[in-house]
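# Predicted structure and sequence below. I'll ask about it afterward.
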Amino acid sequence: MKIRKNIAISDSGFLFNPSTGDSFSINPIGHEIVQMIQNEKSEIEIIDALTADYAIDKNTVEKDLYDFINMLKTHKLIE
Amino acid sequence: MEKKQYERPIIKSLNQGLMNKFGTRTEYMPVTHIDGVAVNELLQNYGSPLFVISERKIRENYRNAKRIFETRYPKVQFAWSYKTNYLNAVCNVFHQEGSWGEVVSRFEYEKALKNGVPGSKILFNGPDKMDDDLKVAIQNDSPIHIDHLDELYRLIEISNDMDANPRVAIRVNMDTGIYPMWDRFGFNYENGQAWDAINKIMANGRLRLVGLHCHIGTFMLAPSAYGIAASKMSELALQIKNRYGKIISYIDMGGGFASKNTLKGSYGLGADSVPEISQYAEAITSALLNAGFDNEELPYLYLETGRALIDDAGYLLGSVISNKRLSDGRRATIMDFGVNIMFTSFWYDHKISPAQEFGHHTEDCVLYGPLCMNIDVIRENVTLPPLKAGDHVVVHNVGAYNITQSMQFIALRPAVVMIDMKGQPHVIKRSEQLSTLEEGEVVPDYLSKFSL
Amino acid sequence: MSKPKYTIAVTGLNAIDSPGPGIAVIRALKEAESFDVRIIGLSYESLEPGIYMHDLVDKTYQVPYPSAGQQVLFERFQYINSIENLDFLFPNFDAELFNFITLSKRLEEELGIKSVLPTQEQFDARHKVNLFEYGKEHGIKVPFAKMVYGMNEIPAIANEIGFPLVVKGKFYDAKIAYSSDEAMKHFNKISAEWGLPVLVQEFVHGSEVNVCGIGDGNGVLLGAVPMRKLYITDKGKAWAGVSLDDENLLKVTRDLVAATKWRGPFELEFMKTNEDEYYLIEINPRFPAWCYLTVGVGQNQIEKLVNLGMGNDVEPFDTYEVGKMFIRYSYDMIVNMSEFEQISTIGEL
């Protein structure tokens, strides 16, 4: 799982894909996840990191993470 | 260290809906309390989903409407439309405020009597009055609003048998310039049916014609239509006086004022575009005042306003069961309440607020109910923060018709709580149990046993 | 004497192929002789070109869609006003006018933002479905029209007005029919798309002429420039047009403003028949996208409207140059992604 190269995210959560011209907005937690993927964290590591930081159970995070990754794939942001 | 508040990760394409003048609504300001009572607490104590009614709002609405009409017209009487919401606690708030009762069936009639409304202050409407219903209404001196000729003849016969002279009004339908025209109830004005019915009543002499009734439609967005209706009703009353020397004591303008809900397919928000009560009042009262009645012969104005007085006093609280991604990528959220208890979602885009704080990111989604049925859709498209399972929402403007039209289908119906003037919740209807439903059921002996 | 400087908020920055009037209005404001301006753009979408025209627009704020409701809109104005201290508001879209007319009193009293808009009654009365009655009331010729709720009403009306006739949607769309069958077909299609009622209107032969003008709300016409479109785009918008010398048309306009006491800017669309009769087809309750032509012919109506709203002396214009043309063109700006990002995420640029 790798975020396509050249993808830039600003602090405001604005994400631009220069190879397709699409732009997106993501919320802060989505931003964190993209950064972790860019840093080559595995899904399990991401889930652990989020449950450590946020008041939330593992099942919910896991379900939301897979859905989010699916959306990244749908938008062709993940190779 | 305290953990951060979690919000589901979302990503939204910015190229969507490019240069589109018709956008989505921004209605995601959280509503965490109703009349000072926390939504979370209500759901915890009384279960989810839950109807909540604000007594304060009902009284405010009523007093406001009463003041608006009474400053414009000297003789005004409201009658609470039972079919809009006939929970006894709700009806009694209206009765405490001075409202009479308006019913359209024997069952509602009994309910009003049982609540303690004097028979003479229950207006009996509707096309479905059986002989026995008419007898009881005559005995109680209730004004009977005659809907059709068959009813007129039956009423004369029954009155003859009882040697009684019941007080009656006829229901009149007419062209007020709006579409569709409600011509299935009552006697038509333009083609002379109404006048014909009046002549029959006057010629026979058994019935006392005391009023004229109309109800021109529902969720009426044109106050001017009420002006036209009130003019035609006045015209009729004056003709009766001219021909028979009989003074009509009341004109009942029925109901139909719109609430602040947003009709499906309308562009603006209902809250911005529906007329104010004062606009309806202005149209009706100026028509009556300008009709040419002698001052001492001004008829009473009866109003059967339902929806506009109760809709925004009712809330439905509910919880998220699950989130789904549909095949086309749209987000779907499944709630624990559906069209079974929110019948009005077929024609309104109800305002729905989250009941907890969120960040400023939002998602477009479809809101589904819990029923195993494709038509169970609460909102086809709504912009909300990322809700997760267990989160709560507040649906607004559900006070009218939802409780009376709810279906016991698939699920049991929830409890109804009223928050009193001091912010104290009271259960005014318990949630249904299996036993509630089986109360009237009978299983023949030979079907009582089986082995599998 | 030094000129006052007004901060003016303008919507309709969508200077695309079917342009909104915002950019034309701003150009006119920039050329005003009686005051200086700071222009605050109000946008609904991140790609409205005006947002990026920094020589015309000093700062742009995103505003909520009209469908979000008046309270949300008012709160956005409270925020914008706390930064910009607005003097005047110039709405330019039909769809937003309802909200701004309702809010205009609050905007002026609570935030000190002035505007010159038609009254709610004028706004409603000039709506397509009411126009025939409106014309009758004020002695203006309007093609006979009737609201139709069912297909079976069409033949009777067709008998009355003859063929061809025009079938129109409540908000958009118009089709010409040469037989009852065809009219019923159009009725079905239009009612499916735009809902009921559908308007069935008498067809008037002739050529279309338009007037851009201002009424002062007391029956006085403060300015009027008649124009004929010389060429239209495939979407029916003017591509080029020319100012006309037409005293009769001006008289019809003056009578209309006197009779209706119209307040604010307007665009009138007329059909001029071969017998030199003028039939009013539509009243748009705002300046049209071609309103910069009024500046070009010597009537800066946009400036006049602001002066009317700010309570300054306003004398009616009495002349304009005839035979001046406008020719519209489009232009590709080069914009950095970061600007798009800023307006998309923060809603300000």
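That came through fine. Residues are numbered from 1 along each chain as shown, chains lettered A, B, ... in the order given.
# Regarding chain B, what is its longest strand?
The strand that spans the most residues within chain B, counting by DSSP state E, is strand B:314-325.
# so the next helix or strand after that one versus strand B:314-325, what angle?
Under the assignment DSSP states H and E, the closest C-terminal helix or strand after strand B:314-325 is strand B:331-335. Here strand B:331-335 runs at an angle of 130 degrees relative to strand B:314-325 (axes from the mean of the first three to the mean of the last three CA atoms, to 10 degrees).
# starting at the chain centroid, how far to whichever helix or strand comes after strand B:331-335?
Toward the C-terminus, strand B:331-335 is succeeded by strand B:352-354 as the next helix or strand (DSSP H and E). Centroid separation between strand B:352-354 and its chain, computed with CA atoms, centre = their mean, to the nearest Å, is 22 Å.
# now swap in stretch B:165-183 and tell me
19 Å.
# Which positions in it come out as buried?
B:166-176, B:178, B:181-182 (16 or more other CB atoms under 10 Å in any protein chain shown). In short, each C-beta sits where N, CA and C put it, glycine included.
# Any residues of chain C in contact with chain A? List them.
For chain C, the residues found near chain A under the criterion CB under 8 Å from any CB of the partner chain are C:337, C:340-341, C:344-346.
# counting contacts, what elements does the biggest helix by length in chain A pack onto?
Among the elements of type helix in chain A, defined by DSSP state H, the one spanning the most residues is helix A:58-74. Using 3 or more CB pairs under 8 Å, 6 or more residues apart in numbering or on different chains; DSSP states H and E as the contact criterion, the neighbours of helix A:58-74 among helices and strands are helix A:28-38, helix A:43-53, strand B:11-13, strand B:314-325.
# what about 6 Å?
With contacts defined as 3 or more CB pairs under 6 Å, 6 or more residues apart in numbering or on different chains; DSSP states H and E, the packing partners of helix A:58-74 are helix A:43-53.
# quick check: mean pLDDT across the helix it packs on?
Predicted confidence along helix A:43-53 averages 93 (mean pLDDT).
# and it with helix A:28-38, angle?
On the basis of the same axes, to 10 degrees, helix A:43-53 is oriented at 140 degrees to helix A:28-38.
# who touches helix A:43-53?
Taking contacts as CB atoms under 6 Å, 6 or more residues apart in numbering or on different chains, the residues outside helix A:43-53 that touch it are A:36, A:58, A:61-62, B:4.
# Highest neighbour count among the residues you listed?
Neighbour tally across these (other CB atoms under 10 Å in any protein chain shown): the maximum, 22 neighbours, falls on A:V61.
# what is the rounded mean pLDDT of the longest helix along chain C?
Secondary structure of chain C per DSSP H: the longest helix is helix C:94-111. What helix C:94-111 shows for mean pLDDT is 92.
# Does the nearest residue to B:P354 once chain neighbours are set aside lie in a helix or a strand, and which?
Spatially, and ignoring its direct neighbours in sequence, B:P354 is nearest to B:P30 (5.0 Å; CB to CB, 6 or more residues apart in numbering or on different chains). Mapping B:P30 onto the secondary structure by DSSP H and E places it in no helix or strand at all.
# from memory B:P30 sits against B:L384, does it?
No. Applying CB atoms under 6 Å as the test, B:P30 and B:L384 come out as separate, 10.4 Å apart.
# Tell me which of those two has more neighbours.
Applying other CB under 10 Å to B:P30 and B:L384 shows that B:L384 carries more neighbours, namely 22 against 16.
# Just want the most central residue of chain A.
With distances taken as CA atoms, centre = their mean, A:V34 lies nearest the centre of chain A, 3.0 Å away.
# mind checking the SS state of the closest residue to chain A within the stretch 51-200 of chain B?
Proximity to chain A, evaluated over the stretch 51-200 of chain B using CB to the nearest CB, is greatest for B:V52 at 27.4 Å. Reducing the assignment at B:V52 to three states with DSSP: H, G, I helix; E, B strand; the rest coil gives strand.
# Who is it paired with across the strands?
For B:V52, the beta-bridge assignment (DSSP bridges) gives partners B:Y315, B:V417.
# How many residues are close by residue 31?
Picked chain A for this. A:H31 sits with 20 neighbouring residues when counted by other CB under 10 Å.
# nope, chain C please
The criterion is other CB under 10 Å. On that basis, C:E31 has 13 neighbouring residues.
# Identify the residue spatially nearest to it, adjacent ones excluded.
Counting by CB to CB, 6+ apart, C:E31 lies nearest to C:V295, which is 6.1 Å off, once chain neighbours are set aside.
# Which of the helices or strands spans that neighbour?
When elements are assigned from DSSP H and E, C:V295 belongs to helix C:292-296.
# What is that helix packed up against?
For helix C:292-296, the helices and strands in contact under the criterion 3+ CB pairs under 6 Å, 6+ apart are helix C:22-30.
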